[in-house]
Each structure stands twice: as structure tokens, then as C-alpha cells.
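Visitor: Structure for this input, please:
(2 chains)
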Amino acid sequence: MIPVIMPQIGQDVATGVITSWYKQVGDPVQSGEVIATVEGDKAAFDIEADASGVLLQIIVAQGDEGNVLEPIGYIGQPGEIPVEDSSSTPQTAAAPKPTAPTRHIEPSHGGKVFVSPSARRTAQNLGVDLGGLKGSGPGSRIVKNDVLAAAKKLGLDSVSAAAPSADAPPAERIAEDTVIPFTRMRQAIAERLTLSKTTIPHFYIVQDIDMENALQWREQYNRLNKTHFTVTDMVVLAVALTLREFPHLNAHVEKDRLVVKAQVNIGVATAAEEGLLVPVIPDADTKDELTLSTEIKARTTEARQGRLDPDVKSSFTITSLGMYGTQCFLPIINPPEAAILGVGVAEPRPVAVNGLLGVHRVMTLTLACDHRAIDGAEAARFLQSLKATFSSRFQPTL
Amino acid sequence: MSTTTAVNARTIMYREALNEALKEEMRRDPTVFVLGLQVAARGGSHKVTKDILEEFGPKRILDTPIAEASFTGVGVGAAITGMRPVVEIMFLDFSMLILDQIINQAAKYEFMTGGHGKVPMVLRTPGGCGNGLAAQHSQSLEALFYHTPGLKLVMPATPYDAKGLLKSAIRDDDPVIFIEHKQLYMTKGEVPETEYLIPLGKGDIKRSGHNATVIAWSNMVPRALAAADKLAQEGIEVEVVDPRSLVPLDKELILESVRKTEHVLIVQEAVRRGGVASDICSIIMEEAFDYLDAPVRILAGLNTPIPFNLNLEKHCVPQEESIVVAVKHLLEGSEP
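Guide: Numbering: from 1, shown residues only, chains lettered A, B, ... in the order given. Below is the predicted model:
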């Protein structure tokens, strides 16, 4: 659809009167065919059609006055919907509609409709047909606001927030992917874990631990001490004690050497609002249940409040997804450590007990190791020993 | 200031911030030294090198003859041997005397030695107009250096940026052209007591807004901010983006803002023809075309030498009022 423009019929002439329309709305027109005559102060001019099609609409009726360089009608394809709303029948539109005072109205560009890139993109996103739009930009360029207004009219702005009011910020990126820049914490996580996964040769071994006795011990212990010693607390304690016998798992690889750490400092990976934090329990192998449990709670709370002590470095990390019901997962080593233990849920499973089928609570542990520091046999022995620590340390009294 | 404001910040002048940066880097690194016209005994024409002679002695700060090409050559040579010279050229206009040393030598050395040679030199010099200093002391010639591969180009607008960027420029292993602005030397702003660095290539949102993006650097930043204040009274929220360093350029920051506001005005004190603004415009066209709701506009200096007469001078470069008008035209879609 293209507009029929009132020509500039003389210098300093602002308006002209349409003396004749030679076509009715709906009549076919040929490009170059005279379709109307306009009269100015001094002369009359014929107006030719810029395109072939049908006369879709007459804006300035015969005998009426219109502004130069503004549309007096529209030519389009049969069936196209005219621009103006249907309530004003074109023929009876007595006076030219007062158009918004646009500072620069240019004649039609040989039938081309100009659309700003943003308007084009918005139209595509909202499913608005640009063909029916009238541009409010310079040279009748269709700008984003025209598309948003049309979308609103057509009810295409189902996300009502997408059609902004005049003073609201323009709606952005409708139906587009959301880009969330990394926070500093996410950046740090990304860098450290990429470093780990790309430079540390990981291998994994998996071990089930029958927790029935240990959990019964825990229930007794908590009842007696009126405390809440958690499964994670148990794992931290058992791992710390077992690590004493396996110094190579409590170590850092530095280029061409292994640095065996003097202290057993257990990191406990903790989910936080923005990512992952690892509060550290120093000398975990020297602490009793009560001390350890209190300290884990305190350090975790501090970490969540952003009060991690950056000077206390972990030497081995434990990460648990048991609280989400996860059975088994493959953790990424927290660099520069040599190993990390992934802890699954302790849940009832069928097990063979003295040759009979029974139901015990079983927990799956996955150990990820840096193969530069540790070989498979040693890692397997560690898990074996860890299993033994569980049954010796957490023995319920009958 | 949208960047970090330290708790213990105090308010100091742009030239004092530069002075602190020089002293801190000279204390930190014995290879840093300063040379230029009247920099030592007089403390620099713009007082940026004040008291350096007293603290560091005549081996670390050298008064040179009026021979820009020679002493800049000394700087380039010293940098090649591992020193970190900071050469001051009294007016950016006079750097036309040293283009061979900078463009043919300093900028090329690393490339022509297969990456083995470095020229860790900083060239400090004030540009811009505003004082009625006429055509030979008022130019904005950043485009010459922007155009030359091998150089970094920094143009800070605030005391905070000036200090943090000069420190980074001195530590940088590439030749850095550090263009200050005469009108900014006496402007004040918050600068932390504690040490900080601003990486080259990281721009700054000096004011955030959603209606239009105004990209400006050096002395055009305070003008753009003043214009933004005026426009805000009429409900037009302008985002002022200061790239701070033009090479490397924080393209992502610019594109992000363009995608948000969809309307862009680039304000440049330098003459319009062949300017940095045109290049930034081309980047936006290539990389954010689909987000534009109106053509990118450039408000730049007229294509003319700066006249001596102050009223004419004012007419030749963007002012607060002309930025206000340009933003309105940008949003209304009227002709430039």
C-alpha cells in the first residue's frame, strides 16, 4: 500500500483543493494514470498514480482542501485494509484529517516504505504486518512506536508490558533470549572450574556405604546430646580421620611436584543464592563430633553472609546433593586440591544381609581424583578405609 | 561517578590526580621517569609534574630543550631498552613534530621485531579548546593516533579516571597516547586515598538512562552530563557512555547501551571529518543495526581550524545547549 501524495503545487503553497477524483474507492488504477486534479492559487495539476492496483481509500474528498506533500489517498492491492479506521467511510470524509504536525514530510519514495531497523525487528517479533502501517518518523518512516501502537490495536501485545506508555521505558527484547551477565562470584566459579576441568586429569570411583548402623548411631547421639549432627557432619568427620592415612589425597599438585598438606582442612561446598561457596573447617581430623558440628554450622552461616575467611584454604572438599535425593554425581575438583568427594542421598535400598535380602539405608560416594597425584588403587583403598571408619566410629550401642 | 567510590575518597583536581599517579608509579618502579618542556623546575605548564623534582631528583625528571622530536626520540629509545618513560608534550598540537618517532617508530617496533621488542612509553599531552588559544593550541587530534595500529589511546574525563588510567598506562607494555584536556585540569572529583587501577579498554556508564545513548569522551563528558540533567527535567533520560580509552575501545559496553536505548548520539570535540565518532558509528551500524530506531547521529566540531575569538570558538565545538538540541532531534526524528 502506498500513499497518493498531494504535490507541491507552487512555491510557498501549503494547501491545494482536489477539484476532481477520477476514480472511486475500489477502482483499478494503472501506474502513471491520472487519478485526480488539484488546484492551487495559480494553476491546476494532474495527480498520477505512483503504482498499479486499486484505489483503496480517499482521504481528501473532491472539493476539499489538503496539505501539500501529505497523503490524499492510498493505492494498494484488492482486499488490503485501508489505513484509517473503518468508522469513517472514505467518501464521506468531509475534511482532511488533521495530521500530526510532522516537521518533515517528504513525497513518497517511489512506492518504497521506510522502516527503522528496530521497528522491523519489533514487527517481526510481535507478528505485525508492516504493510498496513503509517510511519510517524521523518519521510513517513515507520518507527518502533508505530509498530507498538499497531500491535496494541490488533491485540498482538499479549504481553501487555510490551506496549509501553509514553513515559515508560520502551519495552526491550520482546520474545528474545535473556542475557544475564555473570556476577563476580559466577565469574570466579567459571574461571576456577574451567581451570580444574581443563588442566586436572580427573578419574572417578564409586562406592556404596551401608549407613544403617551409622544412622542409628546418629539418632542415638542426637537424642542423648540434644543436638543435630547431620549426615554431612558425619561424612566430614569420617573423611578427615581417614585422610590421615592417605596423605596423597590431602595434597596439591604444583607443576612437577606434589605438596602434601600439613593440615586436614575440609571444605564443605555450600549452595548460596548466587552460586557456590566453600566454607572451610581447619584441622577437621582433630575435632570431636560436637565441636565439628558447631563449627560447620557457624562457617556455613558466615559463608552465606559473605564473611568467608579467604586465608583459610581447604585441602580436600566434600560436596553433597543428598538433600535433593541425588544418588550419584561426578564432582569437579576444587583446584588446586587433589580430590573431591561427592555425597549422595542415604536411602533405603535392597541389600544382601547375611545371605538374605534386607532393606538398609545406603549412601553412594563418588571420589574424583587428580590422576597426577593419585592412582586408582590408592583411591579405592581410601574409599575402603572410609567405609571402615564409618562402621568403627559410628557404632550404635545396642 | 558510577564507578567504585572508595569510602575514604577525597575531592581533588584532575591535575592533582595525574600528579599522584605519576608519583605513585615512580615510587613503585625505578624505571619510570619523566621528561619534557619545563616539567622539572617549573612543575609543568599545567602543574601536573609539580614537586616531582623535589622528591625524585634530577635523574628521574628531565627538563628538555624545545626540541620535541629529539626528546620524544629519547623517550622511545629509553623505552626500547626497558625504561618506562613518561614524555610530556606541552600541547597536543606540538605532537605534530613527533609523528615519526611515534607513528613510524614506537607504534611499529613490536611488530617489526616479531614481538620481541616493546616500547612501554606514555606520551602525556593536553588537547582541546576553550581558552581562546587559537588554531595551533586548541586542536583535538586523537583521530591521528586512533588511526595508527600499535598505539593505545586514552582520554580521561574525571580525576578518578585520570589517575587510575595513567597508572595503568605507565604499567602497560605498549606505547600509550594519553590525551588530557586543558579545560579539565582544574575540575574536581572524588579520588580514593587507596591505590586503584582502571584497566585500559574498559568504558564507564557515567549516567544511566533508557531514552537515548550519548557517547562522549574527555571534555565532552561533563557537557553531555550537564545536557542530560537538562533533558531529564523534560522527562528524557539519557545514558552517557564514556569509553575512557578509545584504543582499546569498550565496544560491548557501547553496543549494550545502544541495544537498550535504540537511539544514539556521538559527541566529539574534534572536527567531524574522519573522526573517531564516525568509526564508532560504523561499528554500531555493523553490530547493532537491528536495534536502531533512528539513524545514529554525530555532533562534532565543525570542519574548521579553531578561531581565536572566544564566541566563534564556542560555535565550533559541541556545547551543552547543542547537545540538548541534538538529543531532541534524534528522538523526534527531525533532520540534523
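
Visitor: Give the helix, strand or coil label for the most centrally placed residue in chain A.
Guide: Nearest to the geometric centre of chain A sits residue A:178, at 3.9 Å (Cα atoms, centre = their mean). Judged by DSSP: H, G, I helix; E, B strand; the rest coil, the three-state class of residue A:178 is coil.

Visitor: Quick check: phi and psi at it.
Guide: phi -90, psi 130 (degrees, to the nearest 10).

Visitor: Next one: it from residue A:323, what distance?
Guide: 28 Å (Cβ to Cβ, to the nearest Å). Every C-beta, even on glycine, is put in place using the N, C-alpha and C of the backbone.

Visitor: distance between the ends of stretch B:116-129?
Guide: Taking Cα to Cα, to the nearest Å, stretch B:116-129 runs 39 Å from one end to the other.

Visitor: isn't residue A:47 right up against residue A:32?
Guide: No - under the criterion of Cβ atoms under 8 Å, residue A:47 makes no contact with residue A:32, lying 11.2 Å away.

Visitor: In terms of neighbours, single out the busier of the two.
Guide: residue A:47 (23 against 11; other Cβ atoms under 10 Å in any protein chain shown).

Visitor: rewinding a little: and the pLDDT at the residue nearest to the centre of chain A?
Guide: Note on residue A:178: pLDDT of 83.

Visitor: So what pairs up with residue A:75 in the strands?
Guide: With DSSP bridges as the criterion, residue A:75 is bridged to residue A:2, residue A:55.

Visitor: Who are the contact partners of it?
Guide: Neighbouring residues of residue A:75 by Cβ atoms under 8 Å, 6 or more residues apart in numbering or on different chains: A:1-4, A:29, A:49-56.

Visitor: What about these, which one has the most neighbours?
Guide: Going by other Cβ under 10 Å, residue A:4 tops the contacts of residue A:75 with 27 neighbours.

Visitor: Domains in the chain, by residue range?
Guide: By default, I'm working from chain A. Split into domains by automatic domain parsing, chain A comes to A:1-103, A:113-179, A:184-393.

Visitor: that's the wrong chain, I wanted chain B
Guide: B:9-192, B:204-331.

Visitor: before we move on, the earlier item: reformat the domains of chain A as TSV; add distance to residue B:67.
Guide: Shown next, in TSV, are the domains of chain A (distance: least, Cβ to Cβ, whole Å):
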stretch	distance to residue B:67
domain A:1-103	56
domain A:113-179	53
domain A:184-393	49
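
Visitor: what's near enough to touch residue A:281?
Guide: By Cβ under 8 Å, 6+ apart, residue A:281 lies in contact with A:236, A:240, A:265-268, A:287, A:292, A:295-296, A:299.

Visitor: actually residue B:270, not the one I wrote
Guide: Residue B:270 neighbours (Cβ under 8 Å, 6+ apart): B:139-143, B:276-277, B:300-301.

Visitor: Show me the contact partners of stretch B:233-241.
Guide: So stretch B:233-241 is in contact with A:167, A:169, B:203-216, B:221, B:224-225, B:227-228, B:231-232, B:253-254, B:257, B:260-261, B:327-328, B:331, going by Cβ under 8 Å, 6+ apart.

Visitor: shaky segments in chain B?
Guide: Scanning chain B for pLDDT under 70 picks out B:1-7, B:334-336.

Visitor: in which helix or strand would I find the nearest residue to residue B:60 once chain neighbours are set aside?
Guide: Leaving aside its chain neighbours, residue B:60 sits nearest to residue B:33 (4.8 Å; criterion: Cβ to Cβ, 6 or more residues apart in numbering or on different chains). Assigning secondary structure by DSSP states H and E places residue B:33 in strand B:32-36.

Visitor: Helices of the stretch 151-300 of chain A, start to end?
Guide: For the stretch 151-300 of chain A, helices defined by DSSP state H, counting those that start in this stretch occupy the ranges A:184-199, A:212-225, A:231-243, A:289-304.

Visitor: hang on, the earlier thing: how close does the residue nearest to the centre of chain A sit to chain B?
Guide: Distance of residue A:178 to chain B, given as Cβ to the nearest Cβ, to the nearest Å: 13 Å.

Visitor: repeat for residue A:137
Guide: Computed as Cβ to the nearest Cβ, the residue A:137 to chain B distance reads 4 Å.

Visitor: and that residue, what does it touch?
Guide: Per Cβ under 8 Å, 6+ apart, neighbours of residue A:137: A:114, A:116, A:143, A:146, B:294, B:333.

Visitor: Which of those residues has the largest number of neighbours?
Guide: In the contacts of residue A:137, the most neighbours by other Cβ under 10 Å go to residue A:116, 26 neighbours.

Visitor: State whether that residue and residue A:139 are indeed in contact, as I suppose.
Guide: No - in this structure residue A:116 lies outside contact range of residue A:139 using Cβ under 8 Å: 11.1 Å.

Visitor: in what helix or strand does the residue of the stretch 201-350 of chain A found nearest chain B lie?
Guide: Closest to chain B within the stretch 201-350 of chain A is residue A:306: 17.0 Å, counting by Cβ to the nearest Cβ. Using DSSP H and E, residue A:306 maps to neither a helix nor a strand.

Visitor: and if you look at the one 5 residues further on?
Guide: Secondary-structure element containing residue A:311, defined by DSSP H and E: none, the residue being outside all helices and strands.

Visitor: ok so, going back, tell me which two in the contacts of residue B:270 are the farthest apart.
Guide: Comparing every pair within those by Cβ to Cβ identifies B:139 and B:277 as the most remote, at 15.7 Å.

Visitor: more neighbours, these two?
Guide: Between residue B:139 and residue B:277, residue B:277 has the larger neighbour count (other Cβ under 10 Å), namely 26 against 23.

Visitor: surely the more buried one meets residue B:300?
Guide: Yes - the pair residue B:277 and residue B:300 passes the contact test of Cβ under 8 Å, sitting 5.6 Å apart.

Visitor: Mutual contacts of the two, please.
Guide: Joint contacts of residue B:277 and residue B:300 (Cβ under 8 Å, 6+ apart) are B:266-268, B:270.

Visitor: follow-up on the earlier one: so among the contacts of stretch B:233-241, which ones count as buried?
Guide: B:203-216, B:221, B:224-225, B:227-228, B:231, B:253-254, B:257, B:260-261, B:327, B:331 (16 or more other Cβ atoms under 10 Å in any protein chain shown).

Visitor: pretty sure residue B:99 contacts residue B:141?
Guide: No - with contact defined as Cβ under 8 Å, residue B:99 does not count as touching residue B:141 (10.0 Å).

Visitor: Compare these two (neighbour count), which wins?
Guide: Using other Cβ under 10 Å as the criterion, residue B:99 and residue B:141 rank with residue B:141 on top: 18 against 15.

Visitor: Leaving out sequence neighbours, find the closest residue to the more buried one.
Guide: In space, residue B:141 is closest to residue B:92, 5.5 Å off (Cβ to Cβ, 6+ apart).

Visitor: Once you drop chain neighbours, what's closest to residue B:209?
Guide: residue B:237 (3.4 Å).

Visitor: okay, now the one you found: neighbour count?
Guide: Neighbour count for residue B:237, taken as other Cβ under 10 Å: 16.

Visitor: same deal with the one 5 residues further on?
Guide: Counted with other Cβ under 10 Å, the burial measure for residue B:242 works out to 28 neighbours.

Visitor: Tell me the bridge partners for it.
Guide: Where residue B:242 sits in a bridge, its partners, by DSSP bridges, are residue B:204.

Visitor: where's it relative to residue B:158, distance?
Guide: Applying Cβ to Cβ to residue B:242 and residue B:158 gives a distance of 8 Å.

Visitor: Thanks again, I'm all set now.
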